[in-house]
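> Sequence first, then the predicted structure:
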Amino acid sequence: PEMLRKSVCLPSMCTAHQLVEVLRRYFEIHLLGTGLRPGWKPSLPVLHDLVEVEEMVDWAEFRLNFAIIGVDNCGTTSLNKNLEKHPEIVFTSDKEDTFFTAAVVHRLLPLKSQVQAFNARVEVVIRQKTESTGISPRLVGICNPVMFSLGLSRAALSLIPSLKAILVLCDPLGRMERCFLERHFCQD
């Protein structure tokens with residue numbers, strides 16, 4: 001394969017060099033079966049050039065107070081736009097934010113660089129809203145109805161301790177009626 005993905009959780013006091021040595025030893029023992037022959041080194045490229053070491057952080061590091069999730073076409077965007085008018089509420093994006101559906105959805109813990117980039121984006125929107133309203137927002141929200149349908153996104157959001165989820169649902173019969181009417185009477 002072009003890339004061999006493996007995650008290892010190690011103490012934060014380790015240096016990148018120490019982490020690469022642990023990975024080298026793991027690779028020798030578990031993937032090459034050479035750990036039992038002392039002194040034998042496989043002819044591998046230098047792992048320091050191939051291995052990326054990235055720090056992970058806890059989900060609590062995200063600067064986020066609430067998430068609007070739900071079924072699409074049931075009012076999540078409408079709720080987002082109306083709450084956005086409040087001077088003390090800001091959203092991470094003016095559109096549906098895909099961060100928890102794409103960037104971190106397959107991670108047990110987010111990368112520190114991902115959290116820093118997300119929080120930097122939050123700081124920018126807070127500064128912009130403060131400049132336009134004169135009031136500093138107290139609450140930060142994210143909106144994307146797709147997060148409700150993705151179990152991994154819901155799981156990631158549930159690991160942010162202070163986050164509140166606002167679930168938007170609509171009447172299933174009303175939804176079915178609307179779909180029926182749109183298909184049979186609104187087509188040209």
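Perfect, thanks for sending it.

> got the contact list for the helix or strand hosting residue 128?
Assigned by DSSP states H and E, residue 128 belongs to helix 112-133. Contact partners of helix 112-133, identified using CB atoms under 8 Å, 6 or more residues apart in numbering, comprise 54-57, 61-64, 87, 90-93, 99, 103-104, 135-137, 140. Heads up, the C-betas are built off the backbone N, CA and C, glycines and all.

> Quick one, which of these are buried?
56-57, 61-62, 64, 90-92, 99, 103-104, 137, 140 (16 or more other CB atoms under 10 Å).

> so of the residues you listed, which ones are in helices?
Among those, no residue falls in helices (DSSP state H).

> Now the two most distant members of the residues you listed.
Longest distance between any two of the buried ones among the contacts of helix 112-133 is 28.1 Å, between 56 and 137; criterion CB to CB.

> Give me the pLDDT value at residue 43.
Residue 43 carries a pLDDT score of 52 in this model.

> make that residue 58, sorry
90.

> cool, and the one 10 residues further on?
The predicted structure scores residue 68 at 94 on the pLDDT scale.

> just checking, what packs against the helix or strand hosting it?
Assigned by DSSP H and E, residue 68 belongs to strand 66-70. Contacts defined by 3 or more CB pairs under 8 Å, 6 or more residues apart in numbering; DSSP states H and E place strand 66-70 against helix 76-84, strand 139-143, helix 146-149, helix 151-158, strand 164-168.

> can you state the direction angle for that strand and helix 151-158?
160 degrees (axes from the mean of the first three to the mean of the last three CA atoms, to 10 degrees).

> what does strand 66-70 rub up against?
By CB under 8 Å, 6+ apart, strand 66-70 touches 76, 79-80, 83, 100, 139-145, 147-148, 154, 157, 163-169.

> again, but for stretch 153-161
With CB under 8 Å, 6+ apart, stretch 153-161 has contacts from 59-60, 62, 64, 67, 69, 100-101, 104-105, 107, 110, 146-148, 163, 165.
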